Each structure stands twice: as C-alpha cells, then as structure tokens.
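K.L.:
this one's structure only:
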C-alpha cells in the first residue's frame, strides 16, 4: 500500500473540548472528554491519558486533533469514540496536538 493511501484511511478532524472530567475508574490516570466536531459529527467522547500536563478546567474550549473513524472502545464502562492525538514531551507526558489558529469544527486534517 502506498504511504499516502495509508494516511488517507485515517479520518482526522478538529474538535473543541466542551466537557472534561476526571476518570477514576480507568486503570491509568485519564480524563473523560466530550469533544464537539461541529454539525456533521456532533459531540463525541474520548478517554485521554493527559493528566500529567492538563487539568480538566484548562481543557475546556481547547481545539484538538482526533482520529474519528476508529471503532468505539469501552474503557471502564465509558465509551471512547475518538482518539485524541498528542506527542510525548521529554518526560513522556502527552502534549496535545492542536491547530495554532481558530478553524472550523469538524475540519479535516490533510
């Protein structure tokens, strides 16, 4: 498979975190996130292991990049519908990927 074809299989979209809660039932420290992807996709949920760098209240309103076409995954009774993308810092804590300007919710990444 061509590299570009493989990349095109991922549906990555921009969303805005509208709700964030601690997720004490998760095995590893995590938050429950509700992310708005606009009119086309609506609000989707995600479990994210981002507790080392972020507090729930800091996440509200933040734009994020997420893969929206993976199958939902149940984590400690919570359905995670999308995979929020990030990269590890020099200590291994996740830094969220986000656009550096305001863009439409649900916009595709290419």
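P.N.:
The structure has been received and is ready for your questions. These numbers come from a predicted model, not from an experiment. Numbering: from 1, shown residues only.
K.L.:
Return the set of residues that bridge with the residue nearest the centre of the chain.
P.N.:
The residue lying closest to the centre of the chain (CA atoms, centre = their mean) is residue 84, at 2.1 Å. Judged by DSSP bridges, the bridge partners of residue 84 are residue 66.
K.L.:
Contact partners for it?
P.N.:
Neighbour list for residue 84: 33, 35, 46, 48, 50, 64, 65, 66, 96 [criterion: CB atoms under 8 Å, 6 or more residues apart in numbering]. Placement of C-beta: from N, CA and C, glycine included.
K.L.:
Pull out the buried members of the residues you listed.
P.N.:
With burial judged by 16 or more other CB atoms under 10 Å, the buried subset of these is 33, 35, 46, 48, 50, 64, 65, 66, 96.
K.L.:
which one of those residues sits closest to residue 4?
P.N.:
Nearest to residue 4 out of the buried ones among the contacts of residue 84 is residue 65 (CB to CB; 18.6 Å).
K.L.:
pretty sure the closest one is in contact with residue 17, am I right?
P.N.:
No. At 11.7 Å, residue 65 does not count as touching residue 17 under the criterion of CB atoms under 8 Å.
K.L.:
Scan this protein for its longest helix.
P.N.:
The longest helix of the chain (DSSP state H) is helix 3-8.
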